[in-house]
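Colleague: Based on what follows, work out the 3D shape:
(chains A and B)
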Amino acid sequence: QKEVEQNSGPLSVPEGAIASLNCTYSDRVSQSFFWYRQYSGKSPELIMSIYSNGDKEDGRFTAQLNKASQYVSLLIRDSQPSDSATYLCAVITGANNLFFGTGTRLTVIP
Amino acid sequence: EAGVAQSPRYKIIEKRQSVAFWCNPISGHATLYWYQQILGQGPKLLIQFQNNGVVDDSQLPKDRFSAERLKGVDSTLKIQPAKLEDSAVYLCASSQGSSYNEQFFGPGTRLTVL
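Modeller: Numbering: from 1, shown residues only, chains lettered A, B, ... in the order given. Predicted structure coming up:
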């Protein structure tokens, strides 16, 4: 079982819709969770971090964490074509190791 | 503020050859990370330095990969000898503290092994 799993997509949503990206992790004692955005041919950039159960909002982005179910999600409201990218979920395990998922490719259709 | 610098940006070598990558972190950043990102996968942490000491190298294939950060500033990652499966983008990142939350990535070096 992989430490972090994501649906590779592609996920296509129309402009203005809500994009929902999901991630599950295997280490029950993981404490830190991150979402990175990676444009094609570019490096990852951090967009959200979350540490506690519940929702965390930042502009059009909302991260949701459910430790009991071991999943973390990212919602993008009012999706824009500029949001088209690969979204990487990353988790710091109980052993303080950082693992990335394979990423979900999002396409926002104008 | 200048970002993380990496060179070269692209490298093509044949299998069994050696290759080295260089990284200069953001000024004042004590922690430096090297990642390997194979096409279609997420980055995999190879090694983490705090100043010039190794914090984590558990996923570094030590039979062929080595890294150093002698003066606690810039760093080199070496592969010797290279294999076909080493074809990937090698990303360097740095952070002021030891938190993964604060890390900034460089542009990466794309390695192709033929």
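
Colleague: Going by C-alpha atoms from here, please, whenever you check contacts or count neighbours.
Modeller: OK.

Colleague: give me every residue that touches B:Ser87.
Modeller: By C-alpha atoms under 8 Å, 6 or more residues apart in numbering or on different chains, the contact list for B:Ser87 reads B:38, B:110-113.

Colleague: Any chance of those in CSV with distance to A:Val4, pLDDT and secondary structure as columns?
Modeller: Below are the contacts of B:Ser87 laid out as CSV (distance: C-alpha to C-alpha, whole Å; pLDDT from 0 to 100; DSSP: H, G, I helix; E, B strand; the rest coil):
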residue, distance to A:Val4, pLDDT, secondary structure
B:Ile38, 16, 96, coil
B:Arg110, 24, 97, strand
B:Leu111, 25, 98, strand
B:Thr112, 27, 98, strand
B:Val113, 28, 97, strand
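
Colleague: Among those, which one lies nearest to A:Thr102?
Modeller: B:Ile38 (9.8 Å; C-alpha to C-alpha).

Colleague: Leaving out sequence neighbours, find the closest residue to the closest one.
Modeller: What sits nearest to B:Ile38 in space, not counting adjacent residues and going by C-alpha to C-alpha, 6 or more residues apart in numbering or on different chains, is B:Ala88, at 4.5 Å.

Colleague: For burial, what's the neighbour tally of the one you found?
Modeller: Per other C-alpha atoms under 10 Å in any protein chain shown, the neighbour tally for B:Ala88 reads 21.

Colleague: what does chain A put close to chain B?
Modeller: A:34, A:42-46, A:49, A:88, A:98-103 (C-alpha under 8 Å from any C-alpha of the partner chain).

Colleague: Could you verify my assumption that A:Ser8 touches A:Thr104?
Modeller: Yes - at 4.3 Å, A:Ser8 counts as touching A:Thr104 under the criterion of C-alpha atoms under 8 Å.

Colleague: residues touching the residue of chain A found nearest chain B, list them.
Modeller: In chain A, the residue found nearest to chain B is A:Thr102; the distance is 4.4 Å by C-alpha to the nearest C-alpha. Going by C-alpha under 8 Å, 6+ apart, A:Thr102 touches A:5-6, A:8, A:88-89, B:40-42.

Colleague: Against B:Phe104, how distant is A:Arg60?
Modeller: Using C-alpha to C-alpha, to the nearest Å, A:Arg60 is found at 22 Å from B:Phe104.
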